[in-house]
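[1] Any chance you can model this:
(one chain, ligands or ions: 2)
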Amino acid sequence: MAEAFQPFSRVALIGIGLIGSSLAHNMKAHGLAQHIAITTRRAETLKRAEALDLGDSYHLEAADAVAGADLVILCVPVGSVGAVTKEIAASLAPGAIVSDVGSVKASVVKAMQPHLPENVHFVPAHPIAGTEQSGPDAGFLELFERRWCILTPVEGSDETAVERLKAFWTACGSDVEVMSAEHHDLVLAIVSHVPHLIAYNIVGTAADLEKVTESEVVKFSASGFRDFTRIAASDPTMWRDVFLNNREAVLEMLGRFSEDLASLQRAIRWGDGDSLFELFSRTRKIRREIIEAGQDTASPDFGRGPKHEVKQEG
Ligand SMILES: NC(=O)c1ccc[n+]([C@@H]2O[C@H](COP(=O)([O-])OP(=O)(O)OC[C@H]3O[C@@H](n4cnc5c(N)ncnc54)[C@H](O)[C@@H]3O)[C@@H](O)[C@H]2O)c1
Ligand SMILES: O=C(O)C(=O)C[C@]1(C(=O)O)C=C[C@@H](O)C=C1
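    Ligands and ions are numbered 1, 2, ... in the order given. So this is what the prediction gives:
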């Protein structure tokens, strides 16, 4: 697929953490850009990106990185995209594709769109791939392989620009799907945002217990709890911004979650084993379906499941 890809002449990556550096590895390995211009706020991070040889030029001013770029990708926390877009708007080249990788989409569109000139093509994106690590050392080539990337074009988005960005993510190994920003935020609230909140909460609860000490929690942590601690080690800035920017959908899903938790509590109190057994059987089936679909990265079968069809929604 990468052979047929028409490389961008200059790609500007704004923010060079886990996602930005993974994109840089992909662009280099698959020849997706003739020139990679990297910019980030802190000189120290920029120096590290240079030491890792992630790009071709390094800029402390985002405006310098985007000048002449035909693709600009914001890889910063979602709470910063508005300010960054304002900073680069006047330097964007006419016809450039402007995209992002933020975990929330409706608020990103709302924050970025008003600052963008009419002669650029705005195509928001979100790779559903990540780890609990951050920074330029965290990125790796295989991160996006066989993982979904969701594009949420805005009304009137240029179809050629959407197709070009689709081809870019496909060349990075992703399966691409298109949907509305609002639908994206609802789906991600239940499959990603609420699970992170549950992990942060359970690890916080365990850390606050008086009768079980913190060292006991560390010493006796069973694998179930350990899995939660991996998720709860995710970047605090990124996740603060996710919850503040997907408030409505997260609160809607949390409402449902709390109701279901209350009914589990009742089942335990009244010794209703049938209800517990029925739920645990249904959830086990979902886990098996994920594995069968080849979507479990921890499984030895990851990547060997049936390939998804690229489906497009209106
Ligand atoms: N980590 C994940 O699992 C994951 C997965 C998919 C999408 N995302 C999204 O990708 C984006 C980046 O996440 P990440 O995991 O790469 O984070 P990260 O913390 O590893 O990297 C963020 C980078 O942005 C820079 N930065 C922060 N504010 C900035 C600003 N105002 N101007 C310029 N640079 C700035 C930081 O210095 C750093 O280089 C976020 O929007 C996040 O929601 C993350
Ligand atoms: O695997 C992880 O560590 C992740 O949290 C990755 C994960 C997810 O929830 O799946 C986290 C946030 C992103 O926006 C996309 C992917």
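
[2] From Thr229, how far off is Gly55?
    The spacing between Gly55 and Thr229, counted by CB to CB, to the nearest Å, is 33 Å. In this view, the C-beta of every residue, glycine as well, is placed from N, C-alpha and C.

[3] who has more neighbours, those two?
    Between Gly55 and Thr229, counted using other CB atoms under 10 Å, Gly55 has the larger neighbour count: 26 against 16.

[4] Confirm the more buried one sits in a strand?
    No: inclusion of Gly55 in a strand is not indicated when DSSP: H, G, I helix; E, B strand; the rest coil is applied; the result is coil.

[5] Return the distance of it relative to Lys28.
    Using CB to CB, which is the criterion applied here, Gly55 is 9 Å from Lys28.

[6] Ok, Val76 next?
    21 Å.

[7] And the two? Which one has more around it.
    Neighbours around Val76 and Lys28, counted as other CB under 10 Å, are more numerous at Val76. The numbers are 24 against 16.

[8] who's in contact with the more buried one?
    By CB atoms under 8 Å, 6 or more residues apart in numbering, Val76 lies in contact with Ile14, Gly15, Val84.

[9] helices or strands up against the helix-or-strand element of the chain with minimal mean pLDDT?
    The helix or strand of the chain with the lowest confidence, counting by mean pLDDT, DSSP states H and E, is helix 214-220 at a mean of 80. If contacts are counted by 3 or more CB pairs under 8 Å, 6 or more residues apart in numbering; DSSP states H and E, helix 214-220 sits against helix 194-208.

[10] Please see if the helix it packs on touches ligand 1.
    No: Helix 194-208 lies apart from ligand 1 when judged by CB under 6 Å from any ligand atom; the minimum separation is 9.5 Å.

[11] Beyond the least confident helix or strand of the chain, next helix or strand please.
    Heading C-terminal from helix 214-220, the first helix or strand you meet, by DSSP states H and E, is helix 223-231.

[12] So which other helices or strands are in contact with the helix or strand just after that next one?
    Proceeding N to C from helix 223-231, the next assigned helix or strand is helix 236-245, under DSSP H and E. With contacts taken as 3+ CB pairs under 8 Å, 6+ apart, helix 236-245 sits against helix 194-208.

[13] can you list the residues of this structure near ligand 2?
    Ser103, Ile128, Ala129, Gly130, Thr131, Glu132, Ser192, Ser234.

[14] any idea which element the first one lies in?
    It stands for Ser103. Counting by DSSP H and E, Ser103 is found in no helix or strand.

[15] was I right about it contacting Pro77?
    No: no contact is recorded between Ser103 and Pro77 when judged using CB atoms under 8 Å, the distance being 9.1 Å.

[16] Looking at the two, which is more packed in?
    In terms of neighbours (other CB under 10 Å), Ser103 is the more surrounded of Ser103 and Pro77; the figures are 25 against 22.

[17] what's the burial count for the closest residue in space to that one that isn't next to it in sequence?
    With CB to CB, 6 or more residues apart in numbering as the measure, Val242 is the residue that lies nearest to Ser103, at 5.1 Å, once sequence neighbours are left out. Summarising burial for Val242: neighbours were counted as other CB under 10 Å, giving 26.

[18] ok, now the one 5 residues further on?
    Neighbour count for Arg247, taken as other CB under 10 Å: 14.

[19] do the same with the one 3 residues further on
    Each residue near Val250 was counted by other CB under 10 Å, and the total is 24.

[20] let's have the chain start at 509 instead
    Shifting the count to begin at 509 puts that one at Val758.

[21] And it, how far from ligand 1?
    Noted for Val758: a distance of 14 Å to ligand 1, by CB to the nearest ligand atom, to the nearest Å.

[22] which stretches of the stretch 509-658 of the chain form strands?
    Read by DSSP state E, counting those that start in this stretch, the stretch 509-658 of the chain holds these strands, from start to end of the chain: 519-522, 544-547, 565-567, 579-582, 605-608, 629-630, 633-635, 656-659.

[23] what comes into contact with the first one?
    Taking CB under 8 Å, 6+ apart as the criterion, the residues outside strand 519-522 that touch it are 528, 531-532, 535, 540-541, 543-548, 563, 570, 573-574, 577-584, 592, 596.
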